[in-house]
Structure formats: C-alpha cells, structure tokens
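K.L.:
coords below, sequence missing:
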C-alpha cells in the first residue's frame, strides 16, 4: 500500500504544468476566513433566537391584556346567579361575535365544564366542515376532548397541551406559553379564568399562530442581503488575493531567483510603488538585496586587489630565491637575503591588515554600541605612544579643549583602531623628532578629532584617493613596503559605521605654503545629563 501511495504522488505532481504556480495558501485562507465570519453572522441572523423570544413575549403580553379585557366584559355582562354564579352562554357568544378579532388570532370560550361555548373562527364566518363527535358517555369529563370543539386532524399532543392549559385556568390561574396548535404548527396561547366573585365560571383562551410566519418572513427578507453579502465577501476575498497573495508570491519568486544566483537584486517596481505595507516590504527587500549586491561586488573587488597586492611580494620573493642560487658573492647574497626579509615582512603586514579588514564587518555587527568617552580613549592611546616612543621618532601630544566628558555611542575597540591608524600614518610622514598633535573638541553636536603632522602634505588630487584600499604614497627615503595601504580605508569604514565622517586636508601657513597634513574625524556626540 505504501508503494502505491509513493508512486501516485509523482504522477499528481507531473500532471501540473511546469510553469503553473502552486495554489495560493494565503488566498484560500482569506476566502475561508471571510466566508467563515459571514457564515456565523448569517447563521445567527437565520436563527433569530432573541428576535423570536422577543416576539413571543410581546405577543403573550398583547394576548394577556386583550384577554383580561374580554374576561372582565364577560364577567360583567354574561354572568348571573349568586351564590352559585353561571356563565350565560348565549350572551357570551353574542359578545364574542361582536368583537373584531384579527384573522391571526383565535378566541375561544369554554364553560365551567370545559364545553366550547364560542369560537372566533366560527364567529368570523369561517366555514369549517367537521364531523360530529361521538356521544359522550355518562360521567365522562370534557377534558378527555371528545367534544365538537376539537378538529379530528389535530394531534394528540395539541389536545393534551390545550387540556392542561384549560385545566390550569380552571384552577384560577392565568396560563400562558407556546404550545402545539391543532394544525400542526406552534401557537402562542393565553388562557384566562372568568371569575365571578370567587368562582370560575369559564375559561377564555386566546391564541396567535403568526409568530412563525413573522420569523419566516424575516428570514425571507434576509435572503437578498445574504446573497449580496456573500458576493461582496467573495469579491473582496479575490481582490485581497490579487493585492496581497499574488505580490507576496512574486516577492518570494524574486527572492528565490536571488538565492539561486540568477540575479543580484530584487527589482519589482510595480510593487515598490505601492503606498502600503507590501510596498514598504518590496522597497526594503530591494534595498537589502542592492546592499548585499554592492557588498558582494566590494568583496569581489577586495579579493582581486588582495590577489594583486600579494602577488607583488611573492614575485619579488620568488625572483630573489631563484637568484640566490646563482649568486656566489657574499655581499650580493646578503643583499638578496635582506630583500627576502623585507618582502616577508611586507607580506606579513599585508596579510595582517587584510585579515583585520575582513573581520571588521563581523566585529562591527557583533558588538553592540555603548557610550565611549573620547577624551579618556585618546588619553590612553597618546599615553601609550609616549611610553614606547624611541629616540628620533615623532612624539604625540593631546590637546583637549573643553572635551571633558565628551562621549559618543560606538565601539571602543574599532574607534581606537581609527585613531591609532591616523597617528601611525601621521608619524610615518613626520620628520625625525617631529610632533603629531591630536586635538579633540566638541563642535555643535559632534565630537571632532583632528590629527596634524609636520610632513610634506598631500597633493590636492589625492586628498580623497588616500582612503582607497591599497593606496600608498610614501615620501622619499621611506622604506618600500612599510605600509599596506589599508589603514586609512579601514578608518573610513569604521567611522562611517558610527555615523561619522572623515576627510583629509593640507595645513597652510600664512604664506599659503603646505606645512603638513590634517585628518579630521567627526562623530555624533551623546548628550550627557547635567
């Protein structure tokens, strides 16, 4: 049996065309939920329990008031005798015939023995052909219902219910409620005792069978509205399916295409132009995929640049090694070994900087931003440089003017790397025994840090290119391969991740001559409570 099921499923899958979209689950859910809510509403309206009970109660009150009035009239005008009162059947019949009883009601009058005296159906000229009842046996009570006032087609349940009602009224109580009718339906009935002094001389029964008809009419009146409501729900369901389910399916297909590397980014302009949540979702997905695409391209370019930069020292190392076997002069061999050491050191620095740059994104996303005191951080960094400074190296001095308590929201490790890279770059261009000045100050709502050196400055056309990866421009006499060209690029990346900016400029004297370079870092400051 399992094998049959296993083979049947692929056959069903093959029957569907390859380009046919799967059925929309959201669309089915929208239709089912809309119709379920409508079904509950329609079911409640069709049941009309509260409306039916309200109609029954109102009808009972009306019949009770009407019956009490008729009973009072009969008591005054159709009773005689004291101390043994008697209901005058002829006078009572005339009184009932003179009443204007609605066609939806039936009024019947019974004497003290339960015999029918008058019936409004007969009084209103309603012609009813009924056979004569069998003769009543001597001593038989009328509540066994052999009398002529019962129709032969009435059910035994209706007879028993009416008998109980009349019996209750004969006991001097007003009996009301819903009971089976003689025609098989349900009627609202009230039986009121006609009392003269304290004796019950008869029972007046009023019944109305129009409650079910009113309910049926109300239900019939609801049918057009139900049809319209169902049509509106179906139309709204299909509209929601087209407006929600189909765009979501297209977004899913576009995401799958990106996942399968057929495209680099999601592009659904018709959905992105919508002014609703789906439009927001489409725009967010487009921005996300474009950002991922840009990052992938950046990674590809970075990989190409890394391969190019690593190839240079490797080529130099290979040439030196190949030449080393042919050189017999000790001095020449020493020079080649020096080149090898220099290239190995350059390769080590390059790999280290590449590794730091590769981990930078992960570190920035993994560590949560926290308040960082820029003044304290720079004092620690400058103090460390002064502690390890050797003779002849450029010194580092901190100038903090009103920067006490200056705080930014960021990550202390990457921010420290920014300032160390800038200070290292400035020291490499400073003359022996020179000085690098680090100035921190609050400017508007930003923390502004400047790093000045006394070096040769930068060509104006290179003020922006110095932040590109692997860009190096060393002064004459500097050791080749002493820098990887990634320090300033990493610094800009970290500053941008903190919502700040970094730029380079030349320092000028009063005569307009370049006297050094300056790097300016601006990061949004955190307002500290006073």
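P.N.:
Okay, I see it. Predicted model, so just to flag it, every value in this text is computed and none were measured. Residues are numbered from 1 along each chain as shown.

K.L.:
who's in contact with stretch 410-419?
P.N.:
Residues from elsewhere that reach stretch 410-419, judged by C-beta atoms under 8 Å, 6 or more residues apart in numbering: 356, 360, 363-364, 367, 369-370, 372, 374, 377-378, 381, 408, 438, 449, 451, 490-491, 494-495, 497-498, 502, 521, 523. Every C-beta, even on glycine, is put in place using the N, C-alpha and C of the backbone.

K.L.:
give me the number of residues near residue 249?
P.N.:
Around residue 249 there are 17 other residues, counting by other C-beta atoms under 10 Å.

K.L.:
typed the wrong thing, it's residue 282
P.N.:
25.

K.L.:
so it is in which element?
P.N.:
helix 277-324 (DSSP states H and E).

K.L.:
run the chain-centre distance for that helix.
P.N.:
Centroid displacement of helix 277-324 relative to its chain, using C-alpha atoms, centre = their mean, to the nearest Å, is 38 Å.

K.L.:
for that helix, packing partners?
P.N.:
Judged by 3 or more C-beta pairs under 8 Å, 6 or more residues apart in numbering; DSSP states H and E, the packing partners of helix 277-324 are helix 246-259, helix 269-272, helix 330-366.

K.L.:
skipping adjacent residues, who's closest to residue 296 in space?
P.N.:
residue 264 (7.1 Å; C-beta to C-beta, 6 or more residues apart in numbering).

K.L.:
in three-state terms, label that neighbour for me.
P.N.:
Using DSSP: H, G, I helix; E, B strand; the rest coil, the structure places residue 264 in coil.

K.L.:
from now on call the first residue 44
P.N.:
Okay, using 44 as the starting number, the last item reads as residue 307.

K.L.:
tell me which other helices or strands the strand or helix carrying residue 137 touches.
P.N.:
Assessed by DSSP H and E, residue 137 sits inside helix 132-141. Contact partners of helix 132-141 among helices and strands, from 3+ C-beta pairs under 8 Å, 6+ apart: helix 92-120, strand 148-154, strand 159-162, helix 163-166.

K.L.:
helix, strand or coil for residue 475?
P.N.:
The local conformation at residue 475, judged by three-state DSSP, is coil.

K.L.:
I figured it hits residue 435, correct?
P.N.:
Yes - using C-beta atoms under 8 Å as the test, residue 475 is close enough to residue 435 to be in contact (4.8 Å).

K.L.:
packing partners of the helix or strand hosting residue 268?
P.N.:
Assessed by DSSP H and E, residue 268 sits inside helix 254-283. Helix 254-283 makes packing contacts with helix 68-90, helix 92-120, strand 229-239 when contacts are defined by 3+ C-beta pairs under 8 Å, 6+ apart.

K.L.:
any idea which of the ones you listed is most buried?
P.N.:
For those, the largest average neighbour count (mean count of other C-beta atoms under 10 Å) is found in strand 229-239, namely a mean of 23.

K.L.:
report the separation between the residue nearest to residue 339 and residue 226.
P.N.:
Distance, residue 307 to residue 226, using C-beta to C-beta, to the nearest Å: 81 Å.

K.L.:
ok, now residue 483?
P.N.:
For residue 483 relative to residue 226 (C-beta to C-beta), the value is 102 Å.

K.L.:
residue 135 too?
P.N.:
25 Å.

K.L.:
can you pull the pLDDT of the residue positioned nearest the centre of the chain?
P.N.:
Residue closest to the mean C-alpha point of the chain, counted by C-alpha atoms, centre = their mean, is residue 320 at 9.9 Å. Residue 320 carries a pLDDT score of 78 in this model.

K.L.:
for the stretch 444-573 of the chain, give me the ranges with low pLDDT.
P.N.:
Applying pLDDT under 70 to the stretch 444-573 of the chain flags residues 513-528, 571-573.

K.L.:
run the last query once more with 50
P.N.:
By pLDDT under 50, the low-scoring segments of the stretch 444-573 of the chain are 520-525, 573.

K.L.:
where do the strands sit along it?
P.N.:
In the stretch 444-573 of the chain, the segments counted as strands under DSSP state E, counting those that start in this stretch are 450-453, 478-486, 489-495, 544-551, 557-569.

K.L.:
can you add distance to residue 213 and mean neighbour count and give those back as CSV?
P.N.:
Shown next, in CSV, are the strands of the stretch 444-573 of the chain (distance: least, C-beta to C-beta, whole Å; neighbours: other C-beta atoms under 10 Å):
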stretch, distance to residue 213, mean neighbour count
strand 450-453, 93, 20
strand 478-486, 104, 18
strand 489-495, 101, 21
strand 544-551, 104, 16
strand 557-569, 94, 19
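
K.L.:
follow-up on the earlier one: okay, buried residues for the helix holding residue 137 please.
P.N.:
132, 135, 136, 138, 139 (16 or more other C-beta atoms under 10 Å).

K.L.:
and those residues, which is closest to residue 298?
P.N.:
Nearest to residue 298 among these: residue 139, at 84.0 Å, using C-beta to C-beta.

K.L.:
any idea what sits nearest that closest one, other than its immediate chain neighbours?
P.N.:
Residue 139's closest residue in space is residue 161 (C-beta to C-beta, 6+ apart), at 4.3 Å.
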